[in-house]
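# Show me how the following folds:
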Amino acid sequence: MSDQDLKDKPDLQTEGFVDQLRQIQGEYLQLTDLYGRERDYSQKLAELMRALQFEVDATIPLSPTAIASSFSSPTAAFLVSDSVVVAIDQDGSTVSKPLYRLSPETIISVVQDCTPQLKKLISEKRKKTARRVSSLEKVVHELKKAQATFKQSRTDVEQDEQEEEIEEEEEMEPEQAPQPIQREVKTPVPMKRRIQSDEDDIDNFSFSGNFEERRQTQSERVTASQ
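The predicted model follows:
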């Protein structure tokens, strides 16, 4: 076999190595995507647990094995308010960490461990709330019935009063309307006609005396008539 034939022959070991690198690269890309999705889902799970615990507002005991991967030799553990994990070690030291800061593995273990207790607490709270709602509903129903009774009683009283007023008006005799007083209206006599009448009376009056006395008497009568 010549040197040229060796150069043209493909290296089987090199091709196999390249294929493996390509496979590793593909696996790594998929693993990176899975890591990101795991982180996102674990954060959403921690946030959901925080909301549920806020509703019950209670401290939930945890199994030490549920947090063993994130705490050193815990002897007791609790999930307190705001979803904070509190661990107590053999020396009595206390370490607390928010649930969302723990590893996805620990978050899943904590959620699985406290789910039965959390379900029980939420169920008890729902029953208490249902009893309160039922009591409020009964009270409101009775108040509405009482309000309707009060309105009906008020309406009956008003109708009775109106009927009594109508009966009283029907029993009363109609009163005679007062007759207007007729007054004699005197028509004023014009001043000129009055003076003329007085002059006629003076002319027809027979006066015994001199002319000066007669004139004075006539002036006095004219003045009095004015």
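# Next up, the contacts around residue 53.
Counting by CB atoms under 8 Å, 6 or more residues apart in numbering, residue 53 makes contact with 60, 79, 81-83, 118. To be clear about C-beta, it is placed using only N, CA and C from the backbone, and glycine gets the same treatment.
# For it, pull up the helix or strand it's in.
helix 12-56 (DSSP states H and E).
# rewinding a little: of the contacts of residue 53, which pair is most distant in space?
Longest distance between any two of those is 14.7 Å, between 82 and 118; criterion CB to CB.
# Looking at those two, which is more packed in?
residue 118 (19 against 10; other CB atoms under 10 Å).
# Helix 12-56 and the longest helix seen in the chain, what's the angle between them?
In the chain, with assignment by DSSP state H, the single longest helix is helix 104-171. Per axes from the mean of the first three to the mean of the last three CA atoms, to 10 degrees, the angle that helix 104-171 makes with helix 12-56 is 40 degrees.
# per-residue confidence averaged over helix 104-171?
What helix 104-171 shows for mean pLDDT is 84.
# which secondary structure elements does it contact?
helix 12-56, strand 60-62 (3 or more CB pairs under 8 Å, 6 or more residues apart in numbering; DSSP states H and E).
# re earlier: switch the contacts of residue 53 over to JSON lines; also include distance to residue 126.
Output for the contacts of residue 53, formatted as JSON lines (distance: CB to CB, whole Å):
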{"residue": "60", "distance to residue 126": "17"}
{"residue": "79", "distance to residue 126": "20"}
{"residue": "81", "distance to residue 126": "20"}
{"residue": "82", "distance to residue 126": "22"}
{"residue": "83", "distance to residue 126": "21"}
{"residue": "118", "distance to residue 126": "12"}
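# residue contacts, the closest residue to residue 98 other than its chain neighbours?
Residue nearest to residue 98 in three dimensions, not counting chain neighbours: residue 84, with 5.5 Å by CB to CB, 6 or more residues apart in numbering. Going by CB under 8 Å, 6+ apart, residue 84 touches 96-99.
# Return the closest of the residues you listed with respect to residue 23.
Using CB to CB, residue 99 comes nearest to residue 23 of those, at 36.8 Å.
# how about the closest one, what does it touch?
46, 49-50, 79, 83-85, 107, 110.
# I'd like the distance between it and residue 56.
Distance of residue 99 to residue 56, given as CB to CB, to the nearest Å: 15 Å.
# what pLDDT does the residue nearest to residue 98 get?
Looking at residue 84, its pLDDT reads 93.
# likewise the one 10 residues further on?
What the model reports for residue 94 is a pLDDT of 93.
# From here on, call the first residue 264.
Yep, numbering from 264; the last one is residue 357 now.
# Just read off the phi/psi values of the nearest residue to it once chain neighbours are set aside.
Counting by CB to CB, 6+ apart, residue 351 is the residue found nearest to residue 357 once chain neighbours are left out, at 5.5 Å. Torsion angles at residue 351 (phi, psi; degrees, to the nearest 10) stand at phi -120, psi 130.
# Which phi and psi values does residue 337 adopt?
Backbone torsions for residue 337, taken as degrees, to the nearest 10, come to phi -80, psi 140.
# show me the contacts for it.
Listed by CB under 8 Å, 6+ apart, the contact set of residue 337 reads 327, 330-331, 350-352.
# Could you do residue 374 as well?
With contact taken as CB under 8 Å, 6+ apart, residue 374 is in contact with 308, 312.
# Next, find the distance separating it from residue 362.
9 Å.
# same check, this time on residue 396
As judged by CB to CB, residue 396 and residue 362 stand 32 Å apart.
# what's the answer for residue 380, then?
Counting by CB to CB, the gap between residue 380 and residue 362 amounts to 15 Å.
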